[in-house]
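**Q** Okay, predicted coordinates and the sequence, questions at the end:
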Amino acid sequence: MTETFLGYERPDGQMGIRNWVGVLSVMDNVNPIAAAICQNVAGTLLIKTLFVRGQYGRDLEITYNTLAGMGRNPNLASILVVGLEETSTSQVADRIRNCGKPVDVLLVQNEAGSIAAMAEGIRKAAALAVAASSERRKPVPVSALCIGVECGGSDTTSGLAANPCIGRVSDRIVEGGGKVVISETSEFLGAEHLFAERAIDETVRKAFLDRVDRMEKEALMRGVDIRGTNPVADNIRGGLTTIEEKSLGATAKAGTTPLVGVLDYGEAAVIPGMHFMATPAPAVESMTGLAAGGCQLILFSTGVGNMIGNMVSPTIKITANANTARRQADNIDVEVTSVLESDRTIEEAGDELFRFVLDVASGTLTRSEVLDMRETAVSRFEPTI
Amino acid sequence: MVRALVMDREDNVATLIDAGKAGDRCHLKGPGGGEVILRADIPYGHKIAIKPIAEGGTVMKHGQDIGVTNASIGVGEHAHVHNVESRRGRGDKHKLQSAQARKS
């Protein structure tokens, strides 16, 4: 039987699991305008960014692509791009327009001050919100899903139970013809030999190992032990001792299917199957890359607790730590503590999680959406001039 | 009795899924099974040695190398950052090696 969910079809054929009007700021200096627009228009989603002014070369290109990638994410019905001036704004707006969704632009310098800019932005966003509200969900197969798999505030329970449950969901999504993206390059150190064996061919295997190798060389150049940064202090308090141990647990999120592709930060997965995206390990940066790459939904395990989710890609919080499930229940969507506490199988707990994934894809809200525990951070790869 | 999980037959550490006190009996769940006595108070989620590990020995979890000891660890003792080091991402050692290479 083909598993289905209720999604919104977009002009490029992608399926959204939400129907927001994105209000996308393309430079830090217009964030207050974008925020004010969202406060006044129902159905909008604020996507802020830091920097952009003063970025150049490869770093700027990645930033533009990441901002545009979030705009193209099918969870957005349409987008209002808010920028300071025309050149940088059109760089992002033009890269979104090719997906066929309605895109409007607000150029703050062309308005008579911030009050006028807000008023004009509210007018534009209101028109987009009314139009978006006539979109309807329809049943679509799981093959239309692209999910990101993430962990944050990890402890040993993450690798023992929560990540393997996510791995079970990854397998079911891939078996259904969908896409899964695992990220966080440094969290392959010590486990990369096992993941590399799963590559579909030599090109993919080399591309993956090259990303891990480059990241480790950069880290070595800094002249310090990465322990303390990864694993970080709260991981260590949670019982994780080395990056190797953390990596072996983290990669369980990728299940067992072959690795079919290696993606740059924010790059979209095109073919079905399991992909690796080269991103920094911190969750907000990593999830921003996943959302820009078109993930409609993110599965996020936590051990000692990390409540943050992505703006564009609803984020399901999963824990296997009984203390965290009890103390931080407000922020946990699915607890899989029974795997450790009462020997429930990974398959059973993972299948229950899979059913919840389809519910969220059909409209059930996650804790991070309801409580607005969401943030955006586009990774920086070079310094600003 | 507190519980600890063993992930693979090759493993020489197990992860506690209850907080334990020194002297507690600890039931090992997973491949091999058995029981050990805790030699220290050990927090939830932390690891104990289930086989003696010599100084400079490899710590095995999930049937894989997760690091190297800088002191011997006896059965039932806490295995963590005070006696286990990572082999990877060691910029501190890299810097030392680079400096020695420049001198010689």
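**A** Happy to help now that I have it.

**Q** right, and B:K61 touches A:S247 too?
**A** No: applying C-beta atoms under 8 Å, one finds B:K61 not in contact with A:S247, separated by 11.3 Å. C-beta: built from backbone N, CA, C; applies to glycine.

**Q** Pull the contacting residues for A:F195.
**A** Neighbouring residues of A:F195 by C-beta atoms under 8 Å, 6 or more residues apart in numbering or on different chains: A:188, A:208, A:251, A:254, A:259, A:276.

**Q** In which helix or strand does the second one reside?
**A** Using DSSP states H and E, A:F208 sits within helix A:202-221.

**Q** and the helix or strand that that helix is followed by, how far from the chain's centre?
**A** Using DSSP H and E, the next helix or strand after helix A:202-221 towards the C-terminus is helix A:233-237. Relative to the chain's own centre, helix A:233-237 is displaced by 23 Å; criterion: C-alpha atoms, centre = their mean, to the nearest Å.

**Q** Name the nearest residue to A:A292, sequence neighbours excluded.
**A** Excluding the flanking residues, the one nearest A:A292 by C-beta to C-beta, 6 or more residues apart in numbering or on different chains is A:G69, at 3.0 Å.

**Q** With A:E335 instead?
**A** Closest to A:E335 by C-beta to C-beta, 6+ apart is A:A325, at 3.9 Å.

**Q** re the thing from before, from the contact counts, what lies against the host helix or strand of the residue nearest to A:A292?
**A** Taking DSSP H and E as the definition, A:G69 sits inside helix A:57-72. Applying 3 or more C-beta pairs under 8 Å, 6 or more residues apart in numbering or on different chains; DSSP states H and E, one finds that helix A:57-72 contacts strand A:20-25, strand A:44-47, strand A:76-83, helix A:86-97, helix A:283-292.

**Q** What helices and strands are in contact with the third one?
**A** With contacts defined as 3+ C-beta pairs under 8 Å, 6+ apart, the packing partners of strand A:76-83 are strand A:20-25, helix A:31-40, helix A:57-72, helix A:86-97, strand A:103-107, helix A:114-132.

**Q** And the average pLDDT for that strand is what?
**A** The average pLDDT within strand A:76-83 is 98.

**Q** I'd like to know how many residues surround A:D210.
**A** 12 (other C-beta atoms under 10 Å in any protein chain shown).

**Q** separation between it and chain B?
**A** 16 Å (C-beta to the nearest C-beta, to the nearest Å).

**Q** and the residue nearest in space to the middle of chain B, how far is that from chain A?
**A** Nearest to the geometric centre of chain B sits B:A79, at 3.6 Å (C-alpha atoms, centre = their mean). Using C-beta to the nearest C-beta, B:A79 is found at 7 Å from chain A.

**Q** where's the residue nearest to A:E335, which helix or strand?
**A** Secondary-structure element containing A:A325, defined by DSSP H and E: helix A:322-327.

**Q** and for that helix, what are the contacting residues?
**A** With C-beta under 8 Å, 6+ apart, helix A:322-327 has contacts from A:302-305, A:319, A:332, A:335, A:337, A:340-341, B:44.

**Q** and which of those residues is nearest B:K21?
**A** Comparing these against B:K21 with C-beta to C-beta places B:Y44 closest, at 12.1 Å.

**Q** tell me the domain boundaries of chain A?
**A** What automatic domain parsing lists as the domains of chain A is A:20-132, A:141-370.

**Q** pLDDT weak spots in chain A?
**A** Along chain A, the parts satisfying pLDDT under 70 run over A:1.

**Q** Residues contacting stretch B:30-41, please?
**A** With C-beta under 8 Å, 6+ apart as the criterion, stretch B:30-41 contacts B:1-2, B:4-9, B:11, B:14, B:19-28, B:48, B:50, B:74-78.

**Q** Close to chain A: what parts of chain B are there?
**A** The interface of chain B toward chain A, taken as C-beta under 8 Å from any C-beta of the partner chain, is made up of B:5, B:7, B:15-17, B:43-47, B:59, B:61-62, B:64-67, B:79-81, B:84-95.

**Q** Report how many residues lie close to B:H78.
**A** Neighbours of B:H78 (other C-beta under 10 Å): 23.

**Q** I should have written A:N29 there, sorry.
**A** Other residues close to A:N29 by other C-beta under 10 Å number 12.

**Q** which SS state does it fall under?
**A** Classification of A:N29 by DSSP: H, G, I helix; E, B strand; the rest coil places it in helix.

**Q** ok, now A:L365?
**A** At A:L365 the chain is in coil, as set by three-state DSSP.

**Q** which one of the helices and strands packed on helix A:57-72 lies closest to A:A117?
**A** In terms of C-beta to C-beta, the element of the helices and strands packed on helix A:57-72 nearest to A:A117 is strand A:76-83, at 8.4 Å.

**Q** Strand partners (parallel or antiparallel) of the closest one?
**A** Applying DSSP bridges to the sheet, strand A:76-83 is found paired with strand A:20-25 (parallel), strand A:103-107 (parallel).

**Q** follow-up on the earlier one: right, so the domains of chain A: which one is the most enclosed?
**A** Most buried of those, by mean neighbour count (mean count of other C-beta atoms under 10 Å in any protein chain shown): domain A:141-370, with a mean of 22.
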